[in-house]
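Visitor: attaching a predicted model along with its sequence, questions to come.
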Amino acid sequence: MKDPAFTVTGTLPLSVSVDVPPPQPRIETLAVILAKIAAAWRNTRESNNRKWHEEHYLQIQKLVKAHMPSGSGFDAGTHIELDACRENLLVFRTEFHHMDDNGVYCGWTAHRVYVRPSFVYGFLITISGPNKRDIKEYIHEMFSNALQEEYVYPSYGRDLLTDKGE
């Protein structure tokens with residue numbers, strides 16, 4: 001015997017309209033924002049969504065160019081290696097142009113910078129490549145400072161390159 005309390009009678013609508021507000025923007029660190037966009041980039045690549053794949057690619061490139069170390073020794077800038085990024089890993093490539101004690105350029109070193117999340121510290125940074133003139137400490141400081149900066153995300157029309165939610 002069927003329970004009448006669970007019986008549906010009549011016709012059901014073909015579609016149901018539910019007003020769901022968009023997610024509210026939050027203040028996030030640049031590290032979290034880059035990780036979210038990198039994940040979206042990977043998902044759109046796997047789903048073959050070319051439009052959003054390109055949009056995420058352009059957005060992340062603009063953010064890296066605007067906020068990650070560039071100049072002052074990072075003369076070739078910083079580049080994100082999207083294919084190597086995962087939900088728990090950001091990978092950057094950079095080179096440093098060294099000067100000696102007399103202010104004369106004395107060579108380049110190439111580095112990969114690996115950023116992993118941490119419950120205690122927010123994120124952990126590992127740097128590959130030679131430690132010429134103790135450069136890894138400076139690279140760590142510059143990347144840490146950039147990745148700790150906070151911005152409104154998702155930006156919903158705000159300029160994510162400049163808006164710090166103030």
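Guide: Yep, it's here. Here the structure is a predicted model, which is why all the values come from computation and not from measurement. Numbering: from 1, shown residues only.

Visitor: neighbouring strands of the biggest strand by length in the chain in the sheet, and parallel or not?
Guide: Ranked by number of residues, the top strand in the chain under DSSP state E is strand 105-118. Applying DSSP bridges, strand 105-118 is found paired with strand 90-99 (antiparallel), strand 122-127 (antiparallel).

Visitor: and the next element down the chain from the last one?
Guide: Where DSSP states H and E defines the elements, the next helix or strand beyond strand 122-127 is helix 135-148.

Visitor: okay, the angle between that next one and strand 90-99?
Guide: Calculated by axes from the mean of the first three to the mean of the last three C-alpha atoms, to 10 degrees, helix 135-148 forms an angle of 130 degrees with strand 90-99.

Visitor: what's the very next helix or strand once past helix 135-148 packed up against?
Guide: Next along the chain after helix 135-148, taking DSSP H and E as the criterion, comes strand 150-153. Secondary-structure packing of strand 150-153 (3 or more C-beta pairs under 8 Å, 6 or more residues apart in numbering; DSSP states H and E): strand 26-29, helix 30-46. Placement of C-beta: from N, CA and C, glycine included.

Visitor: worst mean pLDDT among those?
Guide: Comparing mean pLDDT across the helices and strands packed on strand 150-153, the weakest is strand 26-29, with a mean of 90.

Visitor: ok, and what's touching that one?
Guide: Lys36, Gly122, Leu147, Gln148, Glu149, Glu150, Tyr151, Val152, Tyr153, Gly165 (C-beta atoms under 8 Å, 6 or more residues apart in numbering).
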